[in-house]
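Student: I'll drop the sequence and a predicted model, then ask my questions.
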Amino acid sequence: MPLTSWKVTLPLFWSSGPISSVLVNKYGSRPVMMAGGVLSSFGMIASSFCNSVLELYICIGVIGGLGLAFNLQPALTMIGKYFYKKRPIANGLAMAGSPVFLSTLAPLNQFLFNVFGWKGSFLILGGLLLNCCVAGALMRPVGPRPAPAVKKDVEKGKSESALHKNDRKSAWQTINKYLDLSLFKHRGFLIYLSGNVIMFLGFFAPIVFLAPYAKHKGIDEYSAAFLLSILAFVDMFARPSMGLIANSKYIRPKIQYFFSFAVLYNGVCHVMCPLADDYKGLVAYAVLFGLAFGMVSSVLFETLMDLVGAARFSSAVGLVTIVECCPVLLGPPMGGEYQVIAAAAADNEGTFGLCSLVQRIPARDVQPALWLGSPAKAGLLVDIMGDYKYMYFVCGVIVIFASIWLFIGNAINYRLLAKEKKLEDERQRALKHADSKEVEPLTHKESEEMLNVSGKLQDNPSERETNI
């Protein structure tokens, strides 16, 4: 099972966020997504001609990972441009694509592998990925076209030091034009980013270890695999329904609290999982976990858009993905090679299904390679404790701690925002009162006083000049 190429795919998928942000801000979502479709399709087609792991690194890892990154970012950015009133519902519907692929692409890969072999399967998947170009072509740009930049003449009297200072300033402005680094000074963005970094340390491992955990309890292989199908099926309907709830007038004004509650619900599910002793208990856990996972996924990017706004969202996604790259990849250190790869790919727009095809490549067809012919290692915690339930408990505690962090941070942020809004309203009222006082007509008494003063000034010209 040559899964080592996915070690390259996932870092590129997450760390290419800033590159995608720069391209989206400069050229728009349509050309970037079409380019991503071409790259990912070319990577899949080229991988069917690979004869070594190094070639798989380049085709699936580098080219495919970069293409997938160029697909995700424009799609999320266009939601913020197309929708505002019903944006949480749109985000929930858009994010529902991941569980659909998770539940359908893996069995499709099995069928393609049995009929066409792994090389023919890669060719067919490459053709399917060209549909990303069609989706990108449908992303009609909205809003006025940007006005052409006007070149300003530099004054001749400026000194050389002032010119160097202006050059540095313009370079910094150029960077911020395509990637808004000032977001690292944004209070709400930092709260969101730090909470997500903590959450992702324990977010993906429970999905991948669900089937091995069931097998560890003596459940047969097919029943254990069916748990993931149950989870994906519930997740498929949970995302749009949770988006509908998040769009209500009671939830949307405080949607950050809803996101914190969703994270807390995930952590509680993982902590309670070890209490399931039989298959019925694991089915109940899969249903509750699918609901919790869909709840988080439906508002994961909506909360970020609510904090930074649609105009800065593209830059925010790029910065978030590159920072979250480390916890996503290092979060399940208790998992073996396959578990770590699949955990990080489980919610990345169907890459888990592609991973299921990569693991079926026979050893005789790719030489030389690093093979994982035996089942993956159980992991650090499982090796030490001898049971999967401790891994679930630790992941649950990590996710619960992230939810508490988000609750406290968002409460402070909402309080400070209310105070700042109050001060701004008072300042606006003061300015409005001052402006109205300037144009207010003089009373009869004030007009008589002004006439007396003007008469005295006319009698004494020197005093008039002094007062003037």
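Tutor: Thanks, I have it. Residues are numbered from 1 along each chain as shown.
Student: okay, now Tyr250: neighbour count?
Tutor: 8 (other Cβ atoms under 10 Å). C-betas here are computed from N, CA, C, even on glycine.
Student: swap that for Leu288, please
Tutor: Leu288, neighbours per other Cβ under 10 Å, totals 18.
Student: Tell me which residues are up against stretch 396-407.
Tutor: For stretch 396-407, the surrounding residues in contact (Cβ atoms under 8 Å, 6 or more residues apart in numbering) are 191-192, 194-196, 198-199, 201-203, 256-257, 259-261, 263-264, 266-273.
Student: Take the residues you listed and keep only those in helices.
Tutor: Among those, the ones falling in helices (DSSP state H) are 191-192, 194-196, 198-199, 256-257, 259-261, 263-264, 266-272.
Student: In PyMOL, select just the buried ones from those residues.
Tutor: To isolate the buried subset of the ones in helices among the contacts of stretch 396-407 in PyMOL, counting by 16 or more other Cβ atoms under 10 Å, use the following:
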select buried, resi 191+192+195+196+198+199+256+257+259+260+261+263+264+266+267+268+269+270+271+272
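Student: now stretch 41-51: how far from the chain's centre is it?
Tutor: 28 Å (Cα atoms, centre = their mean, to the nearest Å).
Student: Can you dump the C-alpha atoms of it in CSV for me?
Tutor: Presented in CSV, the C-alpha positions along stretch 41-51 are these (Å, rounded to 0.1, in the frame of the first residue of the first chain):
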residue,chain,number,x,y,z
SER,A,41,-6.8,16.1,-13.2
PHE,A,42,-3.3,16.1,-14.8
GLY,A,43,-1.9,14.7,-11.5
MET,A,44,-4.3,11.8,-11.5
ILE,A,45,-3.9,11.0,-15.2
ALA,A,46,-0.1,11.2,-15.0
SER,A,47,-0.1,9.0,-11.9
SER,A,48,-1.5,6.1,-14.0
PHE,A,49,1.9,6.0,-15.9
CYS,A,50,4.0,6.0,-12.7
ASN,A,51,6.5,3.2,-12.0
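Student: Which positions within it qualify as buried?
Tutor: 41-48, 50.
Student: pLDDT (mean, whole number) over that stretch?
Tutor: The average pLDDT within stretch 41-51 is 88.
Student: cool, and stretch 293-310?
Tutor: 88.
Student: just stretch 178-190 next, same as before
Tutor: Rounded mean pLDDT across stretch 178-190 is 86.
Student: tell me the contacts of Pro327?
Tutor: 197-198, 200-201.
Student: Provide the secondary structure category for the nearest residue to Gly28 once chain neighbours are set aside.
Tutor: Spatially, and ignoring its direct neighbours in sequence, Gly28 is nearest to Pro141 (5.5 Å; Cβ to Cβ, 6 or more residues apart in numbering). What DSSP: H, G, I helix; E, B strand; the rest coil gives for Pro141 is coil.
Student: from memory Pro141 sits against Tyr27, does it?
Tutor: No - taking contacts as Cβ atoms under 8 Å, Pro141 lies outside contact range of Tyr27: 10.2 Å.
Student: for the protein, what's the longest helix?
Tutor: The chain, longest helix under DSSP H: helix 389-438.
Student: re the thing from before, and the furthest pair within the buried residues of stretch 41-51?
Tutor: By the measure Cβ to Cβ, Ser41 and Cys50 form the most distant pair in the buried residues of stretch 41-51, at 15.4 Å.
Student: All set, thanks.
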